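# This is a predicted model, with the sequence first.
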Amino acid sequence: QPQPCPSLLSTIITAIVTIVTIVAMKSISVSLLPLIVALLCSFVHVEAGRAPSEAPKLPEGFCPPTTGDITATTGECMCHWQSPQGCEGSGCQYQMGLSWYHYSCKDCKCVKEP
């Protein structure tokens, strides 16, 4: 399971405190408030989407090199056959043309292209 970015909570708290301070001081027009909130939320979204810096401990036999490649730090197996049928199992994903699964899926495996 991917771990949340440790600075995410502090970023959210800082954003809330900043907004409350700005509103309390009435130092800007209220019409600019939605723009400020949108900018702060976009920063939080980018921060939350970062990959971990270290790879997880992967189970024995995870992602055989004949059918897939292991990602560097996220514990996912990217199947060589990029098709909705390229992966079999309960946790298989097919998004943006990529077929893959996370190491936490015990019954997932990549399928060789026919």
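Done, it's in. Numbering: from 1, shown residues only.
# my guess is residue 104 meets residue 90, correct?
No - in this structure, residue 104 is not within contact of residue 90 by C-beta atoms under 8 Å, at 10.6 Å. In this view, the C-beta of every residue, glycine as well, is placed from N, C-alpha and C.
# Give me the more crowded residue out of the two.
Using other C-beta atoms under 10 Å, the more surrounded residue of residue 104 and residue 90 is residue 104, with 13 against 9.
# so what pLDDT did that one get?
pLDDT recorded at residue 104 is 94.
# Residue 60 versus that one, what's the distance?
As for residue 104, its distance to residue 60 is 15 Å (criterion: C-beta to C-beta, to the nearest Å).
# Check residue 95 too.
27 Å.
# of these two, who's got more company?
More neighbours surround residue 95 than the other of residue 95 and residue 60, with 7 against 4 (other C-beta under 10 Å).
# which phi and psi does the more buried one have?
With angles defined as degrees, to the nearest 10, residue 95 sits at phi -140, psi 140.
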